[in-house]
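> Sharing a model that was predicted from the sequence below.
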Amino acid sequence: MTHYRIALGGETLRFQTLAALMAAATPARSGDALAGIAAESEVARVAAQMILADVPLKTFLTDALVPYEVDEITRLIMDSHDAAAFAPVAHMTVGQFRDWLLSDAATGPVLTALAPGLTPEIVAAASKLMRNRDLINVTRKIRVTSAFRNTLGLPGRLGSRLQPNHPTDDLRGIAASTLDGLTFGCGDAVIGINPATDNVATASELLTMLEDLRTRFDIPTQTCVLTHVTNTIEMIEGGAPVDLVFQSVAGSQAANEGFGVTLSMLQEAREAALSLNRGTVGNNVMYLETGQGSALSANAHHGIDQQTMEARAYAVCRAVDPLLVNTVVGFIGPEYLYDGKEIIRAGLEDHFCGKLLGLPMGCDVCYTNHAEADQNDMDVLMTLLTVAGVHFLIAIPGADDIMLNYQSLSFHDMAFLRNSLGYKAAPEFEAWLSTMGMLTEDGHLIDSAAGAQRLIGAS
Amino acid sequence: MSDLAKDPWAKLRAATPARIGLGRAGAAMPTKATLEFQFAHARARDAVHSELNVEMLANDLLPLETIQVASAAADRVTYLRRPDLGRTLGQGEAAKLTEQNPCDIAFVVADGLSSTAMQSHAAPVIRHTLPKLQGLGIGPVIIATQARVAIGDEIGAAIGAKLTVLLVGERPGLTVADSLGAYLTYEPRPGTRDSARNCLSNIHTQGGMDYETAATKIAWLCREALRRGLTGTGLKENAAAIAQADSGPALR
């Protein structure tokens, strides 16, 4: 039986299920083609978008893309849906919802109040009918703040994660990269290390080093070693100075099982971190990472397109009230996002869906050496995301991660976005930069050598 | 003026290969640092996209017999978009392998994501390894193009090898664009899980694992795999045993 059909340009196009319709309506990307669910032609894609525009939003509350019975993420989405918050848009179709989101009626406060009434599938559907400019247009209106030792997401602010990775977790090497980043004003979102050796002993040693550095300079920020949630729980029990709990998450229960994580484990870890009571201006203790394609790569996508699966991961994030959510957009490789165009599109979609669902959404603007992308594409995406009001971006020395072997943004890029576009660091962190004499009176970074001497001279 | 005032980064730079203390042109990277980055990226891109010179590699491997096969991915673009095709032999390719006699070990050389790595390191690694495998039946070397790791399963099954040693070009980084990986698979057959393989990575000549070390480890894993009848998570590398084996006169 055909569920969805449309006559277009002399032919009738059919889509058997809502999942097939959503996949076909998705702007082109290699991961959906790999999964065999992409639109069969450009016309078929537009046909699917035309049908999708007329689908009532309520359909997504009854027609679960991933069955309720087999998936705890679907159960989370359905069981936590706030019908009262949804009421203002309950009568709309996806197309009407898109138009309304872009209208002046959908102000920042209105969208914030709406967030608990939206589901990942609803925001994913709306994004499929939007051009890049539309995604920026809507996202820019939404304000999400989160806080631990500083306040992130305030108007005119742009946070950054300082990522000082080292291929052998050398403590001096990591400290050197950290100091370099601080002299560029980076690190207000978090100073976070991906460890090369993933065990509790190494993670504790790295965390203690970061804690020493942070307290020595009295830096109002938070630190994190990005190790598995079970390791972090063990570190907390062992008395390590844990600020944030990190975990990679995805949009289906089966994909999360691939990561070795469940919703209850995340809640348990969050409670353990909260019990330490280390935040000074807020208590958001979770740092989560996501990325389109992770469910498909775990063969746990249930025939759903990768962008919708990514939005479903945000339901997992929303349940634990995070400080930071980071879509690692270009890390997964060209079989999921082939080139700069697909990476840019995905970054804007993820930011849109995350923010609309009420998350402190940041992005690792990045690519691998086998993707058809280069630093020019990253320049475009970082500028677009900044204009769209992104919570934070990842920054590393010279844009080159020597441990994970991929390219992201450089510390210099953060200085550009702040100096040229006028965005500032989190207020508490900005005040610290001023105290250290690293900012001019108008908030620009001073010459790097002078800033470096202040920090290194004291180290 | 102290050294620190001249270059506050001099000491810290020694602590990490990361691109720190690059200086600034306004908020941008200075010209020198920008061009050095572009060079590294260009080298990595070339490693991914340049074609493996099969004839030259076969020459380097002489007097060993070589057989060339292609994956089902017709070109590089298809290879990058469709990992599934890079894991299977192209149509008719299996016929080149069925006539071979069964052997203990078959070496498979797959271009993977760095043909540069294969061109530079595949032949030396095999040459260093063979003397350590005396007494075992070694099949011809299969050179597979547009190929990923799992293609070795189909190849190994087709020629009736008990064990495949697949050398593959790893994803290039900015620092090293020609790193080689080695995957050992006992009783290879299509559908073998990655957890049933042993892997050595980072084999290259810029501070990575050197040829002799790689050969010693590969040979130890080969003998253990054949003796115990398995590869993968059940076969952990034993550093002490490898050192012992390597110091033995029989292997020198």
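Sure thing, it's come through.
> Quick check, pLDDT for A:T440.
Predicted confidence (pLDDT) at A:T440: the value is 84.
> what do you get for A:A388?
If you check A:A388, the pLDDT there is 98.
> what residues are up against it?
Neighbouring residues of A:A388 by Cβ atoms under 8 Å, 6 or more residues apart in numbering or on different chains: A:135-136, A:139-140, A:348, A:351-352. (Glycine included, C-beta is placed from N, CA and C.)
> how does it look with 6 Å?
Taking Cβ atoms under 6 Å, 6 or more residues apart in numbering or on different chains as the definition of contact, the neighbours of A:A388 are A:136, A:139-140, A:351.
> Give the ChimeraX command for selecting the buried subset of these.
Applying 16 or more other Cβ atoms under 10 Å in any protein chain shown to the contacts of A:A388 leaves a buried subset, and the ChimeraX line that selects it is:
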select /A:136,139,351
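> Let's have the contacts of A:A388 in JSON lines, adding pLDDT and secondary structure.
As requested, those are exported to JSON lines (pLDDT from 0 to 100; DSSP: H, G, I helix; E, B strand; the rest coil):
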{"residue": "A:I136", "pLDDT": "98", "secondary structure": "helix"}
{"residue": "A:T139", "pLDDT": "98", "secondary structure": "helix"}
{"residue": "A:R140", "pLDDT": "98", "secondary structure": "coil"}
{"residue": "A:H351", "pLDDT": "98", "secondary structure": "helix"}
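> Could you work out the most separated pair of the contacts of A:A388?
By the measure Cβ to Cβ, the contacts of A:A388 have their two most distant members at A:R140 and A:H351, which lie 10.1 Å apart.
> show me where pLDDT drops low in chain A?
Low-confidence regions of chain A, defined by pLDDT under 70, span residues A:1-2, A:448-449, A:458-459.
> Over to the stretch 51-200 of chain B?
Low-confidence segments of the stretch 51-200 of chain B, defined by pLDDT under 70, span residues B:99-100.
> Spell out which residues of the stretch 151-252 of chain B are next to chain A.
Counting by Cβ under 6 Å from any Cβ of the partner chain, the residues of the stretch 151-252 of chain B close to chain A are B:172-174.
> residue in the stretch 51-200 of chain B nearest to chain A?
For the stretch 51-200 of chain B, the nearest residue to chain A under the criterion Cβ to the nearest Cβ is B:G173, separated by 3.7 Å.
> Burial check on B:E154, number of neighbours?
Taking other Cβ atoms under 10 Å in any protein chain shown as the neighbour definition, B:E154 ends up with a count of 23.
> Assess the claim that it and B:P190 are in contact.
Yes - under the contact definition of Cβ atoms under 6 Å, B:E154 touches B:P190, with a separation of 5.3 Å.
> And the strands in the stretch 151-300 of chain A, which stretches?
Using DSSP state E, counting those that start in this stretch, the strands of the stretch 151-300 of chain A run over residues A:151-152, A:159-162, A:190-193, A:223-225, A:245-248, A:286-290.
> Please identify which of these is closest to B:V69.
Comparing the strands of the stretch 151-300 of chain A by their distance to B:V69 (Cβ to Cβ), the top pick is strand A:245-248, with 36.7 Å.
> contacts for that closest one?
Looking at what lies outside strand A:245-248 - Cβ under 6 Å, 6+ apart - the contacts are A:224, A:226, A:229, A:232, A:259, A:261, A:269, A:273, A:285-289.
> was I right about A:L207 contacting A:A240?
Yes - taking Cβ under 6 Å as the contact criterion, A:L207 and A:A240 are neighbours in contact, 5.3 Å apart.
> shared neighbours, those two?
With Cβ under 6 Å, 6+ apart, A:L207 and A:A240 have no common neighbours.
> Near chain B, which residues of the stretch 301-450 of chain A are found?
With the criterion set to Cβ under 6 Å from any Cβ, the stretch 301-450 of chain A comes near chain B through A:334-335, A:369-370, A:397-398, A:400, A:402, A:405, A:412, A:415-416, A:419, A:448.
> that older thread, relative to B:A15, how far out is the residue of the stretch 51-200 of chain B closest to chain A?
19 Å (Cβ to Cβ, to the nearest Å).
> okay, those two: which has more neighbours?
Just comparing B:G173 and B:A15: by other Cβ under 10 Å the higher neighbour count belongs to B:G173, 23 against 17.
> helix/strand/coil for the more buried one?
coil (DSSP: H, G, I helix; E, B strand; the rest coil).
> doesn't A:L404 make contact with it?
No - counting by Cβ under 6 Å, B:G173 does not reach A:L404; the two are 8.8 Å apart.
> Which of the contacts of A:A388 sits closest to A:T168?
Ranking the contacts of A:A388 by separation from A:T168, with Cβ to Cβ as the measure, puts A:H351 on top at 33.8 Å.
> What sits closest to that closest one if chain neighbours are left out?
With Cβ to Cβ, 6 or more residues apart in numbering or on different chains as the measure, A:M361 is the residue that lies nearest to A:H351, at 5.2 Å, once sequence neighbours are left out.
> Pretty sure that neighbour sits against A:K355.
Yes - using Cβ under 6 Å as the test, A:M361 is close enough to A:K355 to be in contact (5.1 Å).
> residues of stretch B:129-148 that come out buried?
When burial is assessed from 16+ other Cβ under 10 Å, stretch B:129-148 yields the following buried residues: B:129-130, B:132-133, B:136, B:138-148.
> Check what contacts it and list those residues.
Under Cβ under 6 Å, 6+ apart, the answer for stretch B:129-148 is B:52, B:54, B:61, B:64-71, B:73, B:79, B:86-87, B:103-111, B:151, B:155, B:159, B:161, B:215, B:218-219, B:251.
> What remains of those if I keep only buried residues?
Among these, those buried by neighbour count (16+ other Cβ under 10 Å) are B:52, B:54, B:61, B:64, B:66-71, B:73, B:79, B:86-87, B:103-111, B:151, B:155, B:159, B:161, B:215, B:218-219.
> Which of those fall in strands?
Under the assignment DSSP state E, the buried ones among the contacts of stretch B:129-148 contribute B:66-70, B:103-110, B:161 to strands.
> Could you report the neighbour count for B:R189?
The local packing of B:R189 (other Cβ under 10 Å) involves 11 other residues.
> would it count as being in a helix?
No - according to three-state DSSP, B:R189 belongs to no helix; its state is coil.
> What about the residue lying closest to A:S420 once chain neighbours are set aside, how many residues nearby?
Leaving out its chain neighbours, the residue that sits closest to A:S420 by Cβ to Cβ, 6+ apart is B:A27, at 6.8 Å. Residue neighbour count, defined by other Cβ under 10 Å, stands at 20 for B:A27.
> measure B:A27 to A:D32 for me?
B:A27 sits at a distance of 37 Å from A:D32 (criterion: Cβ to Cβ).
> and if you look at A:T17?
15 Å.
> Could you check which of the two has the larger neighbour count?
Remark: of A:T17 and A:D32, A:D32 carries more neighbours, 24 against 14, as counted by other Cβ under 10 Å.
> Give the helix, strand or coil label for that one.
Counting by three-state DSSP, the backbone at A:D32 sits in helix.
> which of the residues in stretch A:34-50 are buried?
Of the residues in stretch A:34-50, those buried by neighbour count under the rule 16+ other Cβ under 10 Å are A:34-35, A:37-39, A:44-49.
> ok, back up a step: so what pLDDT did the residue nearest to A:S420 get?
The score at B:A27 is 92. That number is its pLDDT.
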